[in-house]
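Q: Build me a model:
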Amino acid sequence: MTEKEKCQSGLLYDANYDPELLAERVACKEKCYDFNNLRPLQKKERETIVRQLFGRTSNSFTIESPFHCDYGYNIEIGENLFININCIILDEAKVILGDNVFIAPGCGFYTAGHPLDAERRNKGLEFAYPISIGNNVWIGAHVCVLPGVTIGDNTVIGAGSIVTKSIPSNVLAVGNPCKVVRAITEGDRRKYT
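A: Sure thing, here's the model as predicted:
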């Protein structure tokens, strides 16, 4: 089994010394560099790079630079995605972002983690678990989403939260660690009318 196959299976794999994975990350970094150095008005060129980089794209999306990811091909995005500046997606495993997802500045999505014991960690071993974000989700500024997390539809994650466990649909969740505060209700819809 190759190191990439181990990674895709959720097993410990060699992330730091495997030539195939190193080459794929360098190729991705080159595309991110090109994307991040385009002028804001070069929308077509920016969109072209994202379509080359990501595993699946939608018809309509906005990704502000700077943006960084590790492989790109593990990222799948839905319609009307908006990613604000300084987003980092370490996509060693799948990262699925649904329709109408709004991601505020400074957010990070990290599928990779490392063994707690120093011996295996120092050998460059890590694991990767997928992240899935549902439809109509708002991720506040400087949120950190960790490996294996799913966030349900219509949920809001408050700024500065560290999401260590999955969060259900239709809730407001905040904190470190991120926890459900309350359901999102009809009253929330009426608040701004």
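Q: Show me the contact partners of stretch 92-102.
A: Here stretch 92-102 makes contact (C-beta atoms under 8 Å, 6 or more residues apart in numbering) with 7-8, 10, 15, 55, 58, 70-71, 74-82, 89, 103, 109, 111-112, 126, 128-139, 147, 153. (C-beta placed from N, C-alpha, C; glycine too.)
Q: rerun at 7 Å
A: 7, 70-71, 74-82, 89, 109, 111-112, 128-139 (C-beta atoms under 7 Å, 6 or more residues apart in numbering).
Q: does residue 28 really touch residue 72, like I thought?
A: Yes - here residue 28 reaches residue 72: they are 4.8 Å apart, a contact under C-beta atoms under 7 Å.
Q: if you count what's nearby, which of the two comes out ahead?
A: Shown here are residue 28 and residue 72; by other C-beta atoms under 10 Å, residue 72 has more neighbours (22 against 19).
Q: Now do the SS call for that one.
A: coil (DSSP: H, G, I helix; E, B strand; the rest coil).
Q: Surely it touches residue 29?
A: No - between residue 72 and residue 29 there is no contact under C-beta under 7 Å: 9.7 Å.
Q: Which helix in this structure has the most residues?
A: helix 19-36 (DSSP state H).
Q: Now do that one: which elements does it pack against?
A: helix 3-8, helix 43-53, strand 67-69 (3 or more C-beta pairs under 7 Å, 6 or more residues apart in numbering; DSSP states H and E).
Q: Just the buried ones out of the contacts of stretch 92-102, please.
A: The neighbour count (16 or more other C-beta atoms under 10 Å) marks 7, 70-71, 74-78, 80-81, 89, 109, 111-112, 128-139 as buried among those.
Q: can you list the weak-confidence ranges in the protein?
A: Along the chain, the model assigns pLDDT under 70 to residues 193.
Q: Grab the nearest non-local neighbour of residue 49.
A: residue 35 (4.5 Å; C-beta to C-beta, 6 or more residues apart in numbering).
Q: Just give me the neighbour total for the one you found.
A: Residue 35, neighbours per other C-beta under 10 Å, totals 24.
Q: so it makes contact with residue 46?
A: Yes - counting by C-beta under 7 Å, residue 46 is a contact partner of residue 35 at 6.1 Å.
Q: Now do the end-to-end distance for stretch 162-176.
A: End-to-end distance for stretch 162-176: 5 Å, by C-alpha to C-alpha, to the nearest Å.
Q: Okay, buried residues for that stretch please.
A: Applying 16+ other C-beta under 10 Å to stretch 162-176 flags 163, 167, 169, 171-174 as buried.
Q: Show me those that map onto helices.
A: Using DSSP H, none of those sit in helices.
Q: on that earlier part again, distance to residue 192 for the helices and strands packed on helix 19-36 - can I get that in CSV?
A: CSV is the format used below for the helices and strands packed on helix 19-36 (distance: least, C-beta to C-beta, whole Å):
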stretch, distance to residue 192
helix 3-8, 43
helix 43-53, 30
strand 67-69, 30
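Q: Alright, calling it a day.
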